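S.K.: got a predicted structure plus its sequence, pasted below:
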Amino acid sequence: MLPHLPKAEEALTNEDWLSGGAAVMLEPFVLCCGKDVKVPKLCLLGLDGIGKLLSCGYAGTQDEDGGWSMADRAIQAAGDCFYYPEDQVKMAIVETVRAAVCCEGSVVHETALLSAVKTVYNIYLSSKLEEQREMAKNALADVLSEVFTRMESDGADGEGAEGDAAAEGDGTEAEPAAAEGGETAEEPKEEEKPVSPTAVVKASQGGSGEIDDDEDAAVSDLNVVQTDCYLLFRALCKISMKVVDKGLPDDSEPVRSKIKALELIMHVLNSSGAVFQTGEKFIYAVKEYLSLSLLKNCVSGVPSVFHTSVDIFSFLVQHFVDHLKTELGVFFNNIFFRFLESSNSTFDQKSTVLKVLQTLCSTSSFSVDLYLNYDCDLESLNIYERMINNLSRLAQVSSPLHSAYHSTRTVL
């Protein structure tokens, strides 16, 4: 008989099961999800039981040692079930992860949170069923919305929900890796540090649970909720920067991984508020990671990658122009204007750039800001002048781009 099953049976038949606290009630369900059980029905039973306990408000309950919370154990159990090929198990994993992160009183943070996102992300990539992909996609959006909304709400209250003391908890981290070729991507090697309880969650999916001093310094002065958002945003940016081999079809896992990462970044930006858009660390992350990602992806030959990257750029121009003067100037000169000026650019690329310019110019202050920030700065390039020259040149060429040009000219 499998070693875990007698333990699970004993736990369930224990007279103290219901009165022994959340940790005692959780144990048999976690044992049903063990890697060596390999019985899909038991796995489904375990995940269902864990989900019901979470829905009853036990998410923040910790074990006797005060290390593991029930939400942490739920994430670990879901990760242990990842290798089941059955579709029902995959869908149950997604629901368990969503419940663990989004339920009231959830204390899933840092490494455990990244591991949760990684698990659902890999299910999205590896799934062949459209229904399963849709469920994983919605779960990812729900998790990100919950985490970033939590940060914005805490910022409005003047302090993080966990306070600065909580930020001194475990600082371990991991990146949600894209599953390429049906396997999770390798994690970068880092220097060995003491491992916290949540690091075991990461290790259960093949990661090291280790931490790098420089990376830890990036979030050293953030509270725990802000740290969650920073690590998630940076992880998505890094996934979006992964090089994709030329010639791969749009439905291949590497391409879908890049597209989904960019879509999730756009989702985060659209739901962001003052804390994200004005926070020093988040502005640094946009400069250091997102800008580099866009420089690579705005010239992609994959239409979905190109269009999503351009949409992200448009958002940055509208909301981060005061912080990204140099970076945005590089985009205009090396990406947008190059598309408009090059004879090798496709119609789709030129028309997309013109539509973005139309959207930006519809803001009354954009043209003035562009002129004052760049053309009036002796050390900057004349962005506004170059834009007008490109539009004037396109106006003299007989092509379908005329309609897009005239729309842009109207709002200038």
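M.R.: In hand now; what should we look at?
S.K.: who touches residue 135 in this structure?
M.R.: Counting by C-beta atoms under 8 Å, 6 or more residues apart in numbering, residue 135 touches 91, 94, 95. Using the backbone N, CA and C atoms, a C-beta is placed for each residue, glycine as well.
S.K.: most surrounded residue in those residues?
M.R.: Greatest neighbour count in the contacts of residue 135, by other C-beta atoms under 10 Å, goes to residue 94: 24 neighbours.
S.K.: that one should be in a helix, yeah?
M.R.: Yes. Counting by DSSP: H, G, I helix; E, B strand; the rest coil, residue 94 is part of a helix.
S.K.: shouldn't it be in contact with residue 121?
M.R.: No. Counting by C-beta atoms under 8 Å, residue 94 does not reach residue 121; the two are 10.6 Å apart.
S.K.: which neighbours do those two share?
M.R.: residue 136.
S.K.: the nearest residue to residue 306 once chain neighbours are set aside sits in which helix or strand?
M.R.: Excluding its sequence neighbours, the residue lying closest to residue 306 (C-beta to C-beta, 6 or more residues apart in numbering) is residue 300, at 5.1 Å. Residue 300 is part of no helix or strand when elements are defined by DSSP states H and E.
S.K.: same check, this time on residue 292
M.R.: Short version, using DSSP H and E: residue 292 is in helix 291-297.
S.K.: name the residues that touch that helix?
M.R.: With C-beta under 8 Å, 6+ apart, helix 291-297 has contacts from 237, 240-241, 258, 262, 265, 305-306, 308-309, 312-313, 316, 324, 327, 330-331, 334-335.
S.K.: ok but residue 84 is inside a strand, no?
M.R.: No. Using three-state DSSP, the assignment for residue 84 is coil, not a strand.
S.K.: what's the local residue count around it?
M.R.: Neighbours around residue 84, by other C-beta under 10 Å: 20.
S.K.: need the pLDDT of it.
M.R.: Residue 84 is assigned a predicted lDDT (pLDDT) of 86.
S.K.: what does stretch 140-154 rub up against?
M.R.: 97-98, 101-102, 113, 116-117, 120-121, 124, 160-161, 223, 225-226, 228-229, 232, 260, 264, 267-268, 271-276.
S.K.: narrow these to those that are buried.
M.R.: Among the contacts of stretch 140-154, the ones that count as buried by 16 or more other C-beta atoms under 10 Å are 97-98, 101-102, 113, 116-117, 120-121, 124, 160, 223, 225-226, 228-229, 232, 260, 264, 267-268, 272, 275-276.
S.K.: mean confidence for stretch 337-344?
M.R.: pLDDT averaged over stretch 337-344 gives 88.
S.K.: buried ones in it?
M.R.: 337, 338, 339, 340.
S.K.: what lies in contact with that stretch?
M.R.: 345, 349, 350, 353, 354, 386, 387, 390, 394.
S.K.: what's the first-to-last distance across stretch 236-254?
M.R.: 14 Å (C-alpha to C-alpha, to the nearest Å).
S.K.: could you do stretch 335-343 as well?
M.R.: End-to-end for stretch 335-343, by C-alpha to C-alpha: 14 Å.
S.K.: in which helix or strand does the most centrally placed residue in the chain reside?
M.R.: Closest to where the C-alpha atoms of the chain average out (C-alpha atoms, centre = their mean) is residue 236, at 4.2 Å. If you go by DSSP H and E, residue 236 is part of helix 224-240.
S.K.: could you list every helix and strand that that helix packs against?
M.R.: helix 110-126, helix 130-157, helix 253-270, helix 280-285, helix 291-297 (3 or more C-beta pairs under 8 Å, 6 or more residues apart in numbering; DSSP states H and E).
S.K.: how about the ones you listed, which one is nearest residue 219?
M.R.: Judged by C-beta to C-beta, the one of the helices and strands packed on helix 224-240 that comes nearest to residue 219 is helix 280-285, at 7.0 Å.
S.K.: could you grab the helix/strand/coil label for residue 220?
M.R.: Of the three states, residue 220 takes coil under three-state DSSP.
S.K.: deepest-packed of the helices and strands packed on helix 224-240, please.
M.R.: Highest mean neighbour count of those: helix 110-126, a mean of 27 (counted as mean count of other C-beta atoms under 10 Å).
S.K.: per-residue confidence averaged over it?
M.R.: 92.
S.K.: ok now it, how far from the chain's centre?
M.R.: Taking C-alpha atoms, centre = their mean, to the nearest Å, one finds the center of helix 110-126 at 10 Å from the center of the full chain.
S.K.: same for it, what does it pack against?
M.R.: Using 3+ C-beta pairs under 8 Å, 6+ apart, helix 110-126 sits against helix 70-80, helix 87-102, helix 130-157, strand 179-180, helix 197-203, helix 224-240, helix 253-270.
S.K.: try it again at 10 Å.
M.R.: Judged by 3 or more C-beta pairs under 10 Å, 6 or more residues apart in numbering; DSSP states H and E, helix 110-126 is in contact with helix 70-80, helix 87-102, helix 130-157, strand 179-180, strand 183-184, helix 197-203, helix 224-240, helix 253-270.
S.K.: nearest to residue 320, out of those?
M.R.: The nearest among the helices and strands packed on helix 110-126, by C-beta to C-beta, is helix 253-270 at 9.3 Å.
S.K.: so how many other residues sit close to residue 55?
M.R.: 12.
S.K.: surely it meets residue 106?
M.R.: No. Using C-beta atoms under 10 Å, residue 55 is not in contact with residue 106, being 11.6 Å away.
S.K.: need the residues touching each of the two.
M.R.: residue 99 (C-beta atoms under 10 Å, 6 or more residues apart in numbering).
S.K.: confidence score at the residue nearest to residue 306?
M.R.: For residue 300, the pLDDT comes out at 88.
S.K.: pLDDT weak spots in the stretch 51-200 of the chain?
M.R.: 57-69, 156-200 (pLDDT under 70).
S.K.: distance check, residue 288 against residue 372.
M.R.: 26 Å (C-beta to C-beta, to the nearest Å).
S.K.: actually residue 40, not the one I wrote
M.R.: 63 Å.
S.K.: likewise for residue 241?
M.R.: Counting by C-beta to C-beta, the gap from residue 241 to residue 372 is 32 Å.
S.K.: name the residue in these two with the higher neighbour count.
M.R.: Of the pair residue 241 and residue 372, residue 241 is the one with more neighbours under other C-beta under 10 Å, namely 17 against 12.
S.K.: surely residue 139 touches residue 90?
M.R.: No. Counting by C-beta under 10 Å, residue 139 stays clear of residue 90, with 11.2 Å between them.
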